[in-house]
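Got a predicted structure plus its sequence, pasted below:
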Amino acid sequence: MGLSTELKTFLLRGNVVDMAVGIVVGAAFGKVVTSFVNDILMPPISLLLGNTNFSDLKIVLRKAATEGAEVAAPAITWNYGNFIQTVIDFLIVGTAIFFVIKAMNALSRKKEEKPAPAPAPQPSNEERLLAEIRDLLKKSN
């Protein structure tokens, strides 16, 4: 089998395509969650905390060095506010994925728990007697 044939077989296999779709959807989901956190969730939290913008929270380790109007060396800061923002994003994404996986597991359990088909009904006494008569008639002929 040639290299190009192997590559084509690999790329067109269902798992690879499913994984690619998952990655693209995951990236888009990440953007939605980031927008949700930054634009919907954080403004009320910021208001409750006294108009604090988490991305502005930082500790200046070294101030910027300037020479006249030009910045010779930029400031070195420890941006812990960005870290807080990222942790909040992570918690929301993790919670959303937890509920999605939980729902998928519940659906797969329902599929596994399909009731077994009911056993065939036992023939009545009348049917058994008729079957015996039929068998006796077959033997006698």
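Nice, thanks for sending it over.

what's the closest non-adjacent residue to N53?
Among residues not flanking N53 along the chain, S46 sits closest, at 5.9 Å (Cβ to Cβ, 6 or more residues apart in numbering). To be clear about C-beta, it is placed using only N, CA and C from the backbone, and glycine gets the same treatment.

Now the phi/psi pair for the one you found, please.
phi -60, psi -40 (degrees, to the nearest 10).

Tell me how many other residues surround it.
14 (other Cβ atoms under 10 Å).

State the distance from it to W78.
From S46 over to W78 the distance is 20 Å, taken as Cβ to Cβ, to the nearest Å.

just N38 next, same as before
Distance of N38 to W78, given as Cβ to Cβ: 21 Å.

which of these two has more neighbours?
When N38 and W78 are compared for neighbours, N38 comes out ahead with 15 against 12, by other Cβ under 10 Å.

who's in contact with that one?
Contacts for N38 (Cβ atoms under 8 Å, 6 or more residues apart in numbering) come out as Q85.

wait, is it part of a helix?
Yes. Under DSSP: H, G, I helix; E, B strand; the rest coil, N38 falls within a helix.

how far away is it from A28?
Distance from N38 to A28, counting by Cβ to Cβ: 16 Å.
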